[in-house]
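J.: for reference, the sequence and a predicted model appear below.
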Amino acid sequence: MKVDSFRKSRSEISRSRLVNNLRALKSLQDPGEVICPMVKCNAYGHDAVLCGKWLEAEGVDALGVALVEEGIELRQGGVDDCEILVFGVMPPTALAAVQTYRLTPVVSSLSELSELAKSLSPAAALKIHLKFDTGMNRLGLKRDDLGQVKRVLADSGQRLVVTGVCSHLACAEDLGQPNGMSDEQVHRLSEFQSELGLGGVQRHLLNSTGLVGRKFLATSRPEWRGWGARPGIALYGCFDDFDLLNEPAQKWVKQTLQPVMSVLAELVMIKRVEAGERVSYGGTWRAPATGLIGIAALGYGDGYPRLLSNRGTALIQNQRVPVIGRVCMDYTILDLSRWNGDQTLREGDLVNFWGDSGGRLGAVEVAQQVGTISYEILTGISRRIPRVAVD
Ligand SMILES: Cc1ncc(COP(=O)(O)O)c(C=O)c1O
């Protein structure tokens with residue numbers, strides 16, 4: 001049952017920004033290259049159904065999820081037509097759901113492939129993509145598996161139909177370096193594809209950094225042409241590898257990508273503390289002078305990291321204000337002393353914890369403050385925070 005939301009804290013998800021980012025990323029591709037936006041993990045915390053429908057309406061080749069469950073959620077939410085690629089390891093028990101919900105498994109081990117061939121009824125056919133481990137050493141078929149792969153596919157009597165091949169870049173940031181890890185991976189994937197005689201199928205490899213990096217570093221190199229992309233983080237307007245890009249790429253990212261998610265919390269209380277009074281658990285912050293503090297309804301239970309205690313900042317009326325004291329499960333306390341004697345700030349107003357326009361306080365910055373990546377910050381926003389579609 002859907003429960004109404006009474007507090008105003010929310011995460012605003014911008015359709016126009018998502019669409020802007022998608023179109024911009026597509027503009028880095030050559031005609032005919034596949035685009036498969038990644039909407040796994042609830043679209044990096046942005047609401048998979050919301051984003052999935054917007055992306056489908058824009059025209060994409062496929063949407064990428066990690067779990068069969070995530071694929072089912074998309075179909076049940078109304079993503080009807082677009083192909084859905086399931087990248088995670090697929091438990092054999094999921095086959096019926098995969099067929100019912102028309103999902104395409106990305107098969108990444110021999111046992112998965114054999115299990116599928118065995119479980120598929122004689123009259124059924126199933127489209128699959130094959131994923132190769134070209135150096136990441138995570139999921140994917142290895143060179144030694146190729147003989148067996150051929151055999152299982154042949155024995156399946158065309159019931160397993162390979163419609164795509166792919167791999168995942170481990171160090172996309174080195175894409176411009178000849179003989180770097182990415183070069184090695186693209187060569188291996190091409191070899192695997194031709195050894196299996198799968199010339200005409202879809203091929204995808206590039207993540208966000210790979211797609212941007214290729215455009216600005218390696219577009220002219222033939223081995224990098226024709227590869228489809230599976231952008232995730234850039235689609236949502238963040239780019240953690242920014243410092244590793246060259247200048248033109250940085251310029252492009254800065255001028256083009258826009259943060260899709262804004263996290264807004266309601267300022268539920270404004271109060272005065274006297275000089276020397278301490279704030280929040282453990283009393284780790286002490287007021288240097290008498291002044292105002294504000295209690296924002298967003299805590300670590302909502303996904304705002306506790307590590308930002310006494311470290312984070314938020315935006316109010318476009319001004320940065322510091323987080324003071326320890327972040328609590330439901331609340332974060334802010335130093336509002338700049339509003340001492342000023343009536344422009346009221347209880348009920350909204351505080352922006354990240355995602356403000358102009359990139360003034362982005363999820364990447366928040367992530368860096370706690371030594372992580374924006375992916376973790378975005379996906380960490382909990383179910384307590386309603387995702388609200390805007391524009
Ligand atoms: C298989 C696969 N493809 C693409 C992506 C997207 O990567 P990024 O968000 O860095 O663009 C991921 C992300 O983890 C992934 O696991």
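T.: Looks like it came in fine.

J.: count of neighbours near the one residue in the stretch 201-350 of the chain that gets nearest to the ligand?
T.: Distances between the stretch 201-350 of the chain and the ligand by C-beta to the nearest ligand atom are smallest at Gly232, namely 2.4 Å. Heads up, the C-betas are built off the backbone N, CA and C, glycines and all. A count of nearby residues for Gly232, using other C-beta atoms under 10 Å, gives 20.

J.: equivalent analysis for Arg225, please.
T.: Neighbours of Arg225 (other C-beta under 10 Å): 13.

J.: how does this protein divide into domains?
T.: Domain ranges of the chain: 15-256, 261-390, per automatic domain parsing.

J.: was I right about Ser208 contacting Gly237?
T.: No - with contact defined as C-beta atoms under 8 Å, Ser208 and Gly237 do not form a contacting pair (10.5 Å).

J.: how about the residues of the stretch 101-250 of the chain by the ligand?
T.: Proximity of the stretch 101-250 of the chain to the ligand, by C-beta under 6 Å from any ligand atom, involves residues 168, 207-208, 230-234.

J.: turn the residues you listed into JSON lines, columns for pLDDT and distance to Arg102.
T.: Converted to JSON lines, these look like this (pLDDT from 0 to 100; distance: C-beta to C-beta, whole Å):
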{"residue": "His168", "pLDDT": "97", "distance to Arg102": "24"}
{"residue": "Asn207", "pLDDT": "98", "distance to Arg102": "25"}
{"residue": "Ser208", "pLDDT": "97", "distance to Arg102": "27"}
{"residue": "Arg230", "pLDDT": "98", "distance to Arg102": "19"}
{"residue": "Pro231", "pLDDT": "98", "distance to Arg102": "23"}
{"residue": "Gly232", "pLDDT": "98", "distance to Arg102": "22"}
{"residue": "Ile233", "pLDDT": "98", "distance to Arg102": "27"}
{"residue": "Ala234", "pLDDT": "98", "distance to Arg102": "28"}
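
J.: which of those lies closest to Lys251?
T.: Ala234 (14.6 Å; C-beta to C-beta).

J.: contact partners for the closest one?
T.: By C-beta atoms under 8 Å, 6 or more residues apart in numbering, the contact set of Ala234 is 21, 25, 208-209, 211-212, 253, 257.

J.: run the last query once more with 10 Å
T.: Taking C-beta atoms under 10 Å, 6 or more residues apart in numbering, we find Ala234 in contact with 21-22, 24-25, 28, 37, 207-209, 211-212, 240-241, 253, 256-257.

J.: related to what we said a few turns ago, distance to Phe6 for the domains of the chain - can I get that in TSV?
T.: Formatted as TSV, these follow (distance: least, C-beta to C-beta, whole Å):
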stretch	distance to Phe6
domain 15-256	20
domain 261-390	10
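
J.: and the closest residue to Pro122 other than its chain neighbours, how far is that from Leu95?
T.: Distance criterion C-beta to C-beta, 6 or more residues apart in numbering; nearest residue to Pro122, sequence neighbours excluded, is Arg159 at 7.6 Å. Taking C-beta to C-beta, to the nearest Å as the measure, Arg159 falls 12 Å from Leu95.

J.: need the overlap of contacts for those two.
T.: In contact with both Arg159 and Leu95: 116, 120-121, 124, 126, using C-beta under 10 Å, 6+ apart.

J.: and the residues you listed, which two are the farthest apart?
T.: Using C-beta to C-beta, the shared contacts of Arg159 and Leu95 span at most 11.5 Å, a distance reached by Leu116 and Ser121.

J.: give me the neighbour count for Gly197.
T.: For Gly197, the count of nearby residues is 10 (other C-beta under 10 Å).

J.: confirm that it sits in a helix.
T.: No - read with DSSP: H, G, I helix; E, B strand; the rest coil, Gly197 is coil and lies in no helix.

J.: Gly226: what secondary structure?
T.: Put simply, Gly226 is coil when judged by three-state DSSP.

J.: in this structure it contacts Gly199, no?
T.: No - judged on C-beta atoms under 10 Å, Gly226 makes no contact with Gly199 at a distance of 11.1 Å.

J.: the more surrounded of those two?
T.: Gly226 (14 against 9).

J.: circling back: counting neighbours, go ahead and name the busier of Leu116 and Ser121.
T.: Leu116 (21 against 9).

J.: wait, a helix at Lys127?
T.: No - counting by three-state DSSP, Lys127 is located in no helix; its state is strand.

J.: roughly how far apart are it and Gly301?
T.: For Lys127, the distance to Gly301 (C-beta to C-beta) stands at 41 Å.

J.: picking that back up, who touches both of Ser208 and Gly237?
T.: 21, 253, 257.

J.: could you find the closest non-adjacent residue to the second one?
T.: Looking back up the chat, that one is Val253. Here the residue nearest Val253, using C-beta to C-beta, 6+ apart, is Phe239, at 4.9 Å.
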